[in-house]
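Enquirer: Need coordinates for the following:
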Amino acid sequence: MKKLIIAALLATTVGVAQAADVNVSAGWDNAGRKGDSTLGVGVNLPVHGPYGVAVELDKRSELARLGVLGTYDVAKVLGASVVAKAGVAVLDPDHGSDLVVGQVGVGATLPVADKLSLHADFRYQVGEGRWDGSRAFAGLTYRF
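Expert: You can find the predicted model right below:
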């Protein structure tokens, strides 16, 4: 299933590359019984005006997560775009069955070059008691 998810995310990226931001992130995930580092990739798609959709895939030692979030550009602060996010994610733990959780969060993106930005996000997820918790991550975003 994990290979199928990655293939779908890559196909989505190629199909919408003309209007997408692609990001790579690293961070800390304290959802679950213990905190753990996490690595992820994502695609942000503008929909209309300040509204958009984000598709994200990340992996930590015992858990893979595929999330779909609605985004809303809240404001620009000191050159950075502040974005509110809410949506759902499917969790695929190494031991156990898949779970669905809700996510809410906020992020900021600061341009550093013509098509390159730094981003930071904070997310809280809830829905399956064992995996409730927060995540903080940062990385690079490339705009096509």
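
Enquirer: pretty sure L118 is touching Y142, no?
Expert: No - counting by CB atoms under 8 Å, L118 stays clear of Y142, with 11.3 Å between them. The way it works is simple: take the backbone N, C-alpha and C, and place the C-beta from them, glycine included.

Enquirer: Secondary structure element holding the spatially most central residue of the chain?
Expert: Centroid-nearest residue in the chain: E56, 4.1 Å away (criterion: CA atoms, centre = their mean). Using DSSP states H and E, E56 sits within strand 51-60.

Enquirer: What are the buried residues along the following helix or strand past that strand?
Expert: Beyond strand 51-60 on the C-terminal side, the first helix or strand identified by DSSP H and E is strand 63-77. Across strand 63-77, burial judged by 16 or more other CB atoms under 10 Å covers L63, A64, R65, L66, G67, L69, T71.

Enquirer: How far off centre is strand 63-77?
Expert: 6 Å (CA atoms, centre = their mean, to the nearest Å).

Enquirer: Y124 - how many residues pack around it?
Expert: 15 (other CB atoms under 10 Å).

Enquirer: for V106, same thing?
Expert: 14.

Enquirer: need the contact list for it.
Expert: V74, V82, V83, A84, K85, D121, F122 (CB atoms under 8 Å, 6 or more residues apart in numbering).

Enquirer: what bits of the chain have low per-residue confidence?
Expert: Within the chain, the ranges that satisfy pLDDT under 70 run 1-18, 33.

Enquirer: let's go with 90 and repeat that
Expert: 1-21, 23, 29-42, 44-49, 58-65, 91-99, 127-135, 143-144 (pLDDT under 90).

Enquirer: In it, what residue spans correspond to helices?
Expert: Along the chain, counting by DSSP state H, helices occupy 2-15.

Enquirer: can you map out the strands along it?
Expert: Using DSSP state E, the strands of the chain run over 21-29, 36-48, 51-60, 63-77, 80-93, 99-111, 116-126, 133-143.

Enquirer: roughly how far out does the last one sit from the chain middle?
Expert: Translated: strand 133-143. A distance of 7 Å separates the centroid of the chain from that of strand 133-143, by CA atoms, centre = their mean.
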